[in-house]
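J.: show me how the following folds:
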Amino acid sequence: MMRTLIVTAVEAEAAAVRAASPELEVYPVGVGIAAAAAGTATLLARGTYDRVISAGIAGGFVGRAEIGDVVIGTRTVSPELGAHSPDGFLPIETLGFGSSWFAAEALGVAGTFGEILCVQSVTGTAGGAGELAARYPDAVAEAMEGFGVATAAHLAGVRFGELRTISNLIGPRDTSAWRFGAALAALTTACKELT
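T.: Numbers count the residues shown, from 1 in each chain. Predicted structure coming up:
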């Protein structure tokens, strides 16, 4: 039987996953790429797992995902891994120092499939949202942990997947429009489908 480790950023997300089934093995590991990588690596070193899933809430790209939607990553992408230049951003692949993405598996959950960007700071302007949407036409959401979780999974030789539910749309920062409750409820429903 496949053993799956689920990691979230914060306890509220972990509680939403647990509400789907007490049999799901879920731990909050902290916010951001570094915390996600270190926390996931520690958990993978303590147990034997076949798969790790990065789960939680996210921002959705306008026109590609709506508040309350379930999105399943086809890849996690670090859009900030590279170098800025007068001619625009140069991804790390162009520099010859590695890859800015990891593939993710489908998970057997219904939803919108696409790339999930893993950012160090969430987008808070229309210009930033437009720039990311143009650079990544297949991106459906942005979050802050997937690339770190995938890095730890890759180094441990463990399969990786990412499951997010949308709490807000990416663009000008407007906390009055965020819907954490709807996104956490959707996360519980989606996790009931995990196979």
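
J.: what about Ala15, distance to Thr74?
T.: The gap separating Ala15 from Thr74 is 27 Å, by C-beta to C-beta, to the nearest Å. No exception for glycine: its C-beta is placed from N, CA and C like everyone else's.

J.: just Phe160 next, same as before
T.: 11 Å.

J.: neighbour count for these two, which is higher?
T.: Phe160 (24 against 20; other C-beta atoms under 10 Å).

J.: how about the contacts made by that one?
T.: Contacts of Phe160 were listed using C-beta atoms under 8 Å, 6 or more residues apart in numbering, and they are 51-54, 76, 102-105, 149-150, 153-154.

J.: buried subset of these?
T.: Arg51, Val52, Ile53, Ser54, Thr76, Phe102, Ala104, Val149, Ala150, Ala153 (16 or more other C-beta atoms under 10 Å).

J.: among the residues you listed, give me the pair with the biggest separation.
T.: Longest distance between any two of the buried ones among the contacts of Phe160 is 14.3 Å, between Arg51 and Thr76; criterion C-beta to C-beta.

J.: neighbours of Glu80, just the number please.
T.: Counted with other C-beta under 10 Å, residues neighbouring Glu80 total 17.

J.: what sits against the residue lying closest to it once chain neighbours are set aside?
T.: Leaving aside its sequence neighbours, Glu80 sits nearest to Gln120 (C-beta to C-beta, 6 or more residues apart in numbering; 5.7 Å). Gln120 makes contact with Gly32, Ile33, Glu80, Met144, according to C-beta under 8 Å, 6+ apart.

J.: nearest residue to the first one in space, please, no chain neighbours.
T.: By the measure of C-beta to C-beta, 6+ apart, the closest residue to Gly32 outside its immediate chain neighbours is Met144, 5.3 Å from it.

J.: count of residues packed around the one you found?
T.: Applying other C-beta under 10 Å, we find 23 residues neighbouring Met144.

J.: and for Leu95?
T.: Counted with other C-beta under 10 Å, Leu95 comes out at 11.

J.: same deal with Val31?
T.: 15.

J.: ok, now how distant is it from Gln120?
T.: Taking C-beta to C-beta, one finds Val31 at 11 Å from Gln120.

J.: identify the contacts common to these two.
T.: With C-beta under 8 Å, 6+ apart as the test, Val31 and Gln120 both reach Met144.

J.: tell me where the chain has helices.
T.: Using DSSP state H, the helices found in the chain span residues 11-20, 33-46, 92-95, 126-135, 146-156, 180-191.

J.: what residues sit buried inside the last one?
T.: Translated: helix 180-191. Across helix 180-191, burial judged by 16+ other C-beta under 10 Å covers Ala182, Ala183, Leu184, Ala186, Leu187, Thr188, Thr189, Ala190, Cys191.

J.: the shortest one now?
T.: Buried residues in helix 92-95, counted by 16+ other C-beta under 10 Å: Ile92.

J.: elements contacting it?
T.: strand 82-85 (3 or more C-beta pairs under 8 Å, 6 or more residues apart in numbering; DSSP states H and E).

J.: can you show me the CA trace of the strand it packs on as CSV?
T.: Below are the C-alpha coordinates for strand 82-85, written out as CSV (Å, rounded to 0.1, in the frame of the first residue of the first chain):
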residue,chain,number,x,y,z
GLY,A,82,17.6,32.9,-12.4
ALA,A,83,18.9,36.4,-13.1
HIS,A,84,17.5,39.8,-14.1
SER,A,85,19.1,41.5,-17.1
